[in-house]
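1. 3D, please:
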Amino acid sequence: MSSTPVTIAPFDGLSVCLFCGSSDTAHPDYTVAARAFGAATAAQGWRLVYGGGGVGLMGASARGAHEAGGRVVGIMPGFLRSRERLYDEVETIVVTSMHERKTLMYDQSDAFVVAPGGVGTLEEVIELLSWKRLDLHAKPVIFLNINGFWETLFALMQHTVDEGMTPPSFLQAWVVCDTVEAAIAAIREAEHTPALQHDRR
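-> Down below sits the predicted model:
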């Protein structure tokens, strides 16, 4: 739970968290996909939960959702306000730490989509998958694998299975989608898919 009291406007529909990069030097395909994903969440009547920044894929996704009339909530630690340039056209919660940001994003979300990003995105999704490995949550995790961006991560995950570090069943803990449309469909399907148990040691 968050250590700082926060007030977030209530929302009755599905909330989807997008983990993604904040770099403005990313390949344009990634930025286009992030913006399209934001617009698609709005079209579905879902709320977009994201990292609060106005730059890179983060900013593109928030603008896509907001300009399409969707609900958006950004969550950002105060020390990043200048670096990631707060996008204040949408509801934004400023917290005190990265840990608090991730916890609040998790608490506010029903599903997670992981778009291309750097080490920060990796850190977020690895923690999310670690929690799933321990059966601490059963929320869907969907990789938006634009241009095969996440293939090397999947190869590493397979390596941990091959070396006996991770049970083979854990490779079913996420869904891989190559397009925004497929990711949206996977979120809808996940609402009706029973949770797996991954902590089988």
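
2. longest helix in this structure, by residue count?
-> Criterion DSSP state H: the longest helix present in the chain is helix 28-44.

3. what helices and strands are in contact with that one?
-> Here helix 28-44 touches strand 15-19, strand 47-50, helix 56-67, helix 180-190, going by 3 or more CB pairs under 8 Å, 6 or more residues apart in numbering; DSSP states H and E. (C-beta placed from N, C-alpha, C; glycine too.)

4. could you give the angle of that helix to strand 15-19?
-> 170 degrees (axes from the mean of the first three to the mean of the last three CA atoms, to 10 degrees).

5. how distant is helix 28-44 from the center of its chain?
-> For helix 28-44, the separation from the chain centroid amounts to 13 Å (computed by CA atoms, centre = their mean, to the nearest Å).

6. about what we covered before: right, so the helices and strands packed on helix 28-44: which one is the most enclosed?
-> Ranked by mean neighbour count under mean count of other CB atoms under 10 Å, those are led by strand 47-50, which reaches a mean of 28.

7. that one pairs with which strands, and in what direction?
-> strand 15-19 (parallel), strand 71-77 (parallel) (DSSP bridges).

8. after the last one comes which helix or strand?
-> For strand 71-77, the following helix or strand on the C-terminal side (DSSP states H and E) is strand 91-95.

9. name the residues of the longest helix of the chain that are buried.
-> By neighbour count on 16 or more other CB atoms under 10 Å, the buried set for helix 28-44 is 30-31, 33-42.

10. what angle separates it from helix 56-67?
-> Using the same axes, to 10 degrees, helix 28-44 lies at 30 degrees relative to helix 56-67.

11. touching helix 28-44 from outside, list them.
-> 14, 16, 18, 20-21, 47-48, 56-58, 60-72, 113, 115-116, 144, 146-147, 149, 179-181, 183-184, 187-188 (CB atoms under 8 Å, 6 or more residues apart in numbering).

12. got the angle between it and helix 180-190?
-> Using the same axes, to 10 degrees, helix 28-44 lies at 40 degrees relative to helix 180-190.

13. send me stretch 58-68 as PDB with only the CA atoms.
-> Included here for stretch 58-68 are C-alpha records, laid out as PDB according to Å, rounded to 0.1, in the frame of the first residue of the first chain:
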ATOM      1  CA  MET A  58       4.800   7.700 -21.700                       C
ATOM      2  CA  GLY A  59       3.700  11.100 -23.000                       C
ATOM      3  CA  ALA A  60       2.500   9.600 -26.300                       C
ATOM      4  CA  SER A  61       0.200   7.100 -24.600                       C
ATOM      5  CA  ALA A  62      -1.300   9.600 -22.200                       C
ATOM      6  CA  ARG A  63      -1.900  12.100 -25.000                       C
ATOM      7  CA  GLY A  64      -3.400   9.400 -27.200                       C
ATOM      8  CA  ALA A  65      -5.900   8.400 -24.400                       C
ATOM      9  CA  HIS A  66      -6.700  12.000 -23.300                       C
ATOM     10  CA  GLU A  67      -7.200  13.300 -26.800                       C
ATOM     11  CA  ALA A  68      -9.600  10.400 -27.500                       C
END
